[in-house]
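>>> Quick one, what's the 3D model for this:
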Amino acid sequence: MSSYVKRAMQPNEKIVYAAQLHWIIYRMGIVITILAGVFGFLAPDLLALLDDGIANKAAPFIRNIAIGMLALGAFEVLAAYIRQISTELVITDQRVIAKRGFIATTSYELMMTKVEGATIEQSILGRVLGYGTLMVKGTGGGISPIDHVADPYRFHSHLMSALREAHQEMATGLGD
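This is a model prediction of the structure:
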């Protein structure tokens, strides 16, 4: 578990479920990197079709485009990786904790007694691949949407179980 959740948890608090972001967040970087590779691989064949004078002038330009695309693809993959390791969505037995950001961070904490439910939005691709946008609803507000959460229905199931247990504990505590 990441450092934010460890710091935010109380000594007697237990993690029920920790959600992860889906691998789909890497798609843009992967696509750009593959296109750069294909472009770089096919460039010599394309240059061979041109006149030698034009080909000699175009070669550095094409090489720079391929290198630029490769760098952009690598940057996108790195940005997705940083997003993945710096996003936390955790259900504990006492609350729901969401944190995102690497340098500038935003965190949300919602006590389990204040949680009313969760909304899951999925596109067709999200439904097929198993990711969606999660938003936990609470009295007086909620946790901002977290996009590209892997297996959002598993998160929902664990949340509902934790809510049921929290309400049972609260009811038995009131009956004493």
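
>>> correct me, but Gly101 touches Ile82?
No - contact criterion CB atoms under 8 Å: Gly101 and Ile82 do not qualify, at 9.6 Å. The C-beta positions use only the backbone N, C-alpha and C, and glycine is treated the same way.

>>> Give me the residue at the spatial middle of this structure.
The centre of the chain sits closest to Leu21, judged by CA atoms, centre = their mean, with a distance of 3.4 Å.

>>> Phi, psi for that one please.
Phi and psi for Leu21, reported as degrees, to the nearest 10, are phi -80, psi 150.

>>> so Ala55 sits in a helix?
Yes - using DSSP: H, G, I helix; E, B strand; the rest coil, the assignment for Ala55 is a helix.

>>> Spatially nearest residue to Tyr26, not counting backbone neighbours?
In space, Tyr26 comes closest to Ala80 once its chain neighbours are excluded; the distance is 4.6 Å by CB to CB, 6 or more residues apart in numbering.

>>> next structured bit after the helix or strand that neighbour falls within?
Using DSSP states H and E, Ala80 maps to helix 52-85. Counting by DSSP H and E, the element after helix 52-85 in chain order, helix or strand, is strand 88-92.

>>> Parallel or antiparallel, list what pairs with that next one.
Applying DSSP bridges to the sheet, strand 88-92 is found paired with strand 15-19 (antiparallel), strand 95-100 (antiparallel).
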